[in-house]
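**Q** coordinates only, no sequence provided:
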């Protein structure tokens, strides 16, 4: 039987090619440990300057502004002395006395929109009469 003589050159070429391919595949999937330096933590210096904040001032909303009488409600829950726009009225959950104390109590006055502002408008009182309480509620 005749034996073929193989040359060592193709064997080393195949081996070299396999090594290069393995090396290239490893570089493509492994992160480089030498290319990116590790950041060194540094202390944060204390703040030495003061920031100046400039803001556009919000316009003041007049709580008594109105366009019609129904915009206005008594400002206080019991014995109100003034009126405000209903958008600014809080919840009233207190019991009031039946006494006539405020300018709106017992029919002495009513709420109204006068020149764009919620105001207490006095009711005309007939001569010789006194307003009487109406069930203990102020309106």
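**A** Structure's in. What do you need? Note that the coordinates shown come from a computational prediction; the quantities given were computed from them, not determined experimentally.
**Q** so which residues of this structure form helices?
**A** For the chain, the helices defined by DSSP state H occupy 8-29.
**Q** so in it, where's the weakest helix or strand by average pLDDT?
**A** helix 8-29 (a mean of 64; mean pLDDT, DSSP states H and E).
**Q** grab the nearest non-local neighbour of residue 113.
**A** The shortest distance from residue 113 to any residue that is not its chain neighbour, by CB to CB, 6 or more residues apart in numbering, is 3.9 Å, and that residue is residue 66. From N, CA and C alone the C-beta is placed, and that goes for glycine too.
**Q** what's the neighbour count on that neighbour?
**A** When neighbours are counted by other CB atoms under 10 Å, residue 66 registers 24.
**Q** just the one 10 residues further on next, same as before
**A** Neighbours of residue 76 under the rule other CB under 10 Å: 17.
**Q** pLDDT value on it, please?
**A** pLDDT, residue 76: 91.
**Q** that one touches residue 84, doesn't it?
**A** No - at 9.4 Å, residue 76 and residue 84 do not qualify as touching, with contact defined as CB atoms under 8 Å.
**Q** burial count for the closest residue to residue 110 other than its chain neighbours?
**A** In space, and not counting its chain neighbours, residue 110 is closest to residue 121: 5.5 Å by CB to CB, 6+ apart. Per other CB under 10 Å, the neighbour tally for residue 121 reads 16.
**Q** what residues are up against residue 121?
**A** Counting by CB atoms under 8 Å, 6 or more residues apart in numbering, residue 121 touches 109-112, 114.
**Q** now the closest residue to residue 89 other than its chain neighbours: how far from residue 20?
**A** Excluding the flanking residues, the one nearest residue 89 by CB to CB, 6+ apart is residue 73, at 4.9 Å. Between residue 73 and residue 20 the distance is 88 Å, computed by CB to CB, to the nearest Å.
**Q** equivalent analysis for residue 64, please.
**A** Separation of residue 64 from residue 20 (CB to CB): 87 Å.
**Q** and if you look at residue 110?
**A** 99 Å.
**Q** circling back: buried subset of the contacts of residue 121, written for PyMOL?
**A** Burial among these is assessed by 16 or more other CB atoms under 10 Å; the matching PyMOL selection reads:
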select buried, resi 109+110+111+112
